[in-house]
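> Could you work out the structure for the sequence below:
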Amino acid sequence: QVQLVESGGGLVQAGGSLRLSCAASGSIFRVNDMAWYRQAPGNQRELVATITSSGISNYADSVKGRFTISRDNAKNTAYLQMNSLKLEDTAVYYCNAHLIVLGTGPLPKYYWGQGTQVTVSS
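Residues are numbered from 1 along each chain as shown. Sure thing, here's the model as predicted:
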């Protein structure tokens, strides 16, 4: 019923930039918060950034000043602009959305994308 599809990952040199996109599609009534998480090999999944439907954002300390989360509500799409990338930013990046699916009642649920690999090289 609902799909979150991430794109924009890839290989980049340290100091470079990438822009990730996450498009939510399907029978969506409303998208509330959207977020980006990441998981490096051997590590737990960690929160990178969140954004509310009204555009209020929050960031992990490790990415503040370098990453910017944004969204286009008309397209149910979130973005993550990543600048000044570091080796330690290498991870699989996952999109998460808190949304209401048409015909399933008023309670929102969390949905995940399949992830996109970001690799930062020296």
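> The protein: strands as residue ranges?
Secondary structure of the chain (DSSP state E): strands at 2-7, 10-13, 18-26, 28-39, 46-51, 57-59, 67-72, 77-82, 91-101, 109-112, 116-121.
> As a markdown table, those strands with mean pLDDT and mean neighbour count would be great.
Using the backbone N, CA and C atoms, a C-beta is placed for each residue, glycine as well. Below are the strands of the chain laid out as a markdown table (pLDDT from 0 to 100; neighbours: other C-beta atoms under 10 Å):
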| stretch | mean pLDDT | mean neighbour count |
| --- | --- | --- |
| strand 2-7 | 96 | 17 |
| strand 10-13 | 98 | 12 |
| strand 18-26 | 97 | 18 |
| strand 28-39 | 97 | 19 |
| strand 46-51 | 98 | 18 |
| strand 57-59 | 98 | 16 |
| strand 67-72 | 98 | 18 |
| strand 77-82 | 98 | 22 |
| strand 91-101 | 97 | 21 |
| strand 109-112 | 96 | 14 |
| strand 116-121 | 98 | 17 |
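> In contact with the residue positioned nearest the centre of the chain, which residues?
Nearest to the mean C-alpha position of the chain, by C-alpha atoms, centre = their mean, lies Trp36 at 2.9 Å. Trp36 makes contact with 20, 22, 47-50, 69, 78, 80, 93-96 under the criterion C-beta atoms under 8 Å, 6 or more residues apart in numbering.
> same deal with Glu46?
37-39, 60.
> at 7 Å what do you get?
37-38, 60 (C-beta atoms under 7 Å, 6 or more residues apart in numbering).
> with the residues you listed in mind, which one is nearest to Val101?
Taking C-beta to C-beta as the measure, Val101 lies nearest Tyr37 of the contacts of Glu46, at 20.9 Å.
> Pairing partners for the closest residue to Ile28 other than its chain neighbours in the sheet, please.
Leaving aside its chain neighbours, Ile28 sits nearest to Leu99 (5.7 Å; criterion: C-beta to C-beta, 6 or more residues apart in numbering). Beta-bridge pairing for Leu99 (DSSP bridges): Val31, Lys109.
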